[in-house]
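> model the structure of this input:
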Amino acid sequence: QVQLVESGGGLVQAGGSLRLSCAATGRFFSTRVMGWFRQAPGKEREFVGVISQSGGSTDYAEAVKGRFSISRDNAQSTVYLQMNSLKPEDTAVYYCAAKGPYQPVAGTYDYWGQGTQVTVSS
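Numbers count the residues shown, from 1 in each chain. A predicted model of the protein is given here:
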């Protein structure tokens, strides 16, 4: 079983930065692809970005490319989402998610965190 706990959300002005963390418990963290998603009020949850097991490969939604970056520390079983140049439209609950051990980047996620609120004021 895997538990994911996000932290680092809050209120920030447009143009500011935040770094979200997602701490994982359970086994095999270094073998799991990790993703970040977000859900704004009244909208469906959307993909933000993904990082490979080693951290050597990342991919991002077009809306955040060049502004957000994902990294991971496998020794600490933690994945990060660095968010720069934040915009009001980035306001959402942000979730991290984990795949099963050795699963590819494509496909569904098996575990989800409870989410952390990010609010960007204009």
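
> show me where the chain has strands.
Remark: strands assigned in the chain by DSSP state E are 3-7, 10-13, 18-25, 34-39, 46-51, 58-60, 68-73, 78-83, 92-98, 111-112, 116-121.

> gap between the nearest residue to residue 8 once chain neighbours are set aside and residue 6?
Closest residue in space to residue 8, ignoring its immediate chain neighbours: residue 20 at 4.2 Å, by C-beta to C-beta, 6 or more residues apart in numbering. C-betas here are computed from N, CA, C, even on glycine. Distance, residue 20 to residue 6, by C-beta to C-beta, to the nearest Å: 6 Å.

> against residue 121, how distant is residue 49?
Distance from residue 49 to residue 121, counting by C-beta to C-beta: 23 Å.

> what sits against residue 83?
The contact partners of residue 83, by C-beta atoms under 8 Å, 6 or more residues apart in numbering, come to 17, 18, 19, 20, 64, 67, 68, 90, 118.

> can I get stretch 62-76 in PDB, CA atoms only?
Taking Å, rounded to 0.1, in the frame of the first residue of the first chain, the C-alpha atoms of stretch 62-76 are listed here in PDB:
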ATOM      1  CA  GLU A  62       1.300  22.600 -22.500                       C
ATOM      2  CA  ALA A  63      -0.300  25.100 -20.100                       C
ATOM      3  CA  VAL A  64       2.600  24.700 -17.700                       C
ATOM      4  CA  LYS A  65       5.600  24.100 -19.900                       C
ATOM      5  CA  GLY A  66       8.400  26.400 -19.200                       C
ATOM      6  CA  ARG A  67       7.000  27.400 -15.800                       C
ATOM      7  CA  PHE A  68       6.600  24.200 -13.800                       C
ATOM      8  CA  SER A  69       9.200  21.500 -13.200                       C
ATOM      9  CA  ILE A  70       9.000  18.200 -11.500                       C
ATOM     10  CA  SER A  71      11.900  16.500  -9.600                       C
ATOM     11  CA  ARG A  72      12.200  13.600  -7.200                       C
ATOM     12  CA  ASP A  73      14.400  12.400  -4.400                       C
ATOM     13  CA  ASN A  74      14.200   8.700  -4.300                       C
ATOM     14  CA  ALA A  75      16.200   8.500  -1.100                       C
ATOM     15  CA  GLN A  76      13.500  10.600   0.600                       C
END
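
> all set now, cheers.
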